[in-house]
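>>> give me the fold of what follows.
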Amino acid sequence: MLKNLRMSENCCTFAENRKSNKSMALSRSIKVQDTTINVLLNINQQDYISLTDMSRGFEEGPRLIEKWLNNKSTIDFLGVWEQLNNPNFKTPEFGGIRMEAGSNRFYMSVNKFIERTGAVGIFAKAGRYGGTYAHKDIAYHFGMWLSPEFNLLVVREFQRLVEQENNPLLLQWDIKRLVSKTNYQLHTDAIKENILPKLSIEKKKEYIVYASEADMLNIALFGCRAKDWEEHNPQLALKGLNLRDTASINQLIVLSNMEVVNAELIKRGVDRAERFEFLQQMAIDELKSLDQTNVEQQFKRLATKYPPAITE
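Next comes the predicted model:
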């Protein structure tokens, strides 16, 4: 039965554009002088850098943000930036703030500045990756105020990060991971519709079946279960990564194909042992073929030129 199995090519088209999709904000980080700085990319097509993180390596830490914000030259800079980039900026209200700036009684906080002027270049964020963030132009101004040397290093690392994020081959990595996740839905649907109805198990224990089928694919392709990988890679597991997150491009391509094939085999009623044997041989053959195309080597050469960014 399996020898005659022919699978049509599984094609997925992705018409994604980071520059035009407001919902595709990415959280990344850079490292400057042993300080990890969170970065939010593509928020309304703009990139923001954590001022809170930038200040951590200095003596007064995040308290420096308010000192910088209460500087008259900073207020002038923020006003010019908002007028050039924010059509909804409340210029008359800002005029009042500018008049007050520099006096002994003047005090300004990030939230107060936003409330009074409708500013968009700076904001305070709660929760994970929380703190004060500013548009990269404003973050560079803050960096210069902290230390010119530190600021130049921030600029260099941020530019490297942006180059990496926009690199076609690295985007291909993300797309292959997305394809794998998409096809995994086909895989789980097949389990739900064709395996679970034949089993007498409680609803709350169905996850065991899904995990078992996923690990069958893991063993066929990677040679180990997800749990085995976590036990041997505790530091990566603590960062929220799993076996499939660390897979190569070639492995992700093969995994995507295996998920589609296994879903079809489940629908046809092929028993588990026979499916595993077929999928394991499929993984061997496809990896051998893909390795001959040197896709992985191309990625490694590119990764040497653009070292991986720290990703939280």
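>>> how many residues are close by Met225?
I think there's a mix-up here, since residue 225 is Arg and not Met. As a burial measure, Arg225 scores 17 neighbours (other Cβ atoms under 10 Å). The C-beta positions use only the backbone N, C-alpha and C, and glycine is treated the same way.
>>> next: Glu165.
19.
>>> what of Leu252?
22.
>>> ditto for Phe123
Neighbour tally, Phe123, other Cβ under 10 Å: 18.
>>> ok, the one 10 residues further on next?
Around Tyr133 sit 25 other residues, with neighbours defined as other Cβ under 10 Å.
>>> find the nearest non-adjacent residue to Phe77, please.
Computed as Cβ to Cβ, 6 or more residues apart in numbering, the closest residue to Phe77 that is not its neighbour in sequence is His141, at 5.5 Å.
>>> would you check how far apart the one you found and Gln159 are?
Distance from His141 to Gln159, counting by Cβ to Cβ, to the nearest Å: 17 Å.
>>> neighbour-wise, which of those two wins?
Applying other Cβ under 10 Å to His141 and Gln159 shows that His141 carries more neighbours, namely 19 against 12.
>>> give me the element that one is part of.
helix 136-146 (DSSP states H and E).
>>> so for that helix, what gets flagged as buried?
136, 138-143, 145-146 (16 or more other Cβ atoms under 10 Å).
>>> quick revisit: the residue nearest to Phe77 reaches Val80, doesn't it?
No. In this structure, His141 is not within contact of Val80 by Cβ atoms under 8 Å, at 10.5 Å.
>>> and the helix holding His141, average pLDDT?
In this model, helix 136-146 has a mean pLDDT of 96.
>>> now the longest strand belonging to the chain: buried residues?
As assigned by DSSP state E, the longest strand anywhere in the chain is strand 35-43. Buried residues in strand 35-43, counting neighbours by 16+ other Cβ under 10 Å, are found at 35, 37-43.
>>> same question for stretch 73-91.
Buried-residue list, stretch 73-91, by 16+ other Cβ under 10 Å: 74-75, 77-79, 81-82, 89-90.
>>> can I get those residues in JSON lines including distance to Lys288?
As requested, these are exported to JSON lines (distance: Cβ to Cβ, whole Å):
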{"residue": "Thr74", "distance to Lys288": "60"}
{"residue": "Ile75", "distance to Lys288": "64"}
{"residue": "Phe77", "distance to Lys288": "59"}
{"residue": "Leu78", "distance to Lys288": "58"}
{"residue": "Gly79", "distance to Lys288": "62"}
{"residue": "Trp81", "distance to Lys288": "55"}
{"residue": "Glu82", "distance to Lys288": "58"}
{"residue": "Phe89", "distance to Lys288": "60"}
{"residue": "Lys90", "distance to Lys288": "64"}
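>>> looking at those residues, which are in helices?
74-75, 77-79, 81-82 (DSSP state H).
>>> could you pull out the strands in this protein for me?
26-32, 35-43, 46-50, 122-125, 131-135.
>>> just the C-alpha atoms of the second one, please, in CSV.
By that I understand strand 35-43. Extracted in CSV, the C-alpha atoms of strand 35-43 (Å, rounded to 0.1, in the frame of the first residue of the first chain):
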residue,chain,number,x,y,z
THR,A,35,23.9,45.1,28.8
THR,A,36,21.0,43.3,27.1
ILE,A,37,18.7,45.8,25.5
ASN,A,38,15.2,44.8,24.3
VAL,A,39,14.1,46.1,20.9
LEU,A,40,10.5,46.1,19.5
LEU,A,41,10.6,46.0,15.7
ASN,A,42,7.9,47.0,13.3
ILE,A,43,5.4,48.7,15.6
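>>> that strand - what's its average pLDDT?
Per-residue pLDDT values across strand 35-43 average out to 90.
>>> same deal with the shortest one?
Taken as a whole, strand 122-125 carries a mean pLDDT of 90.
>>> list the buried residues in it.
Those would be 122-123, for strand 122-125 by 16+ other Cβ under 10 Å.
>>> helices and strands around that strand, which ones?
Where contact means 3 or more Cβ pairs under 8 Å, 6 or more residues apart in numbering; DSSP states H and E, strand 122-125 is packed against helix 110-117, strand 131-135.
>>> quick one: closest of those to Arg98.
Checking these against Arg98 by Cβ to Cβ gives helix 110-117 as the closest, at 10.2 Å.
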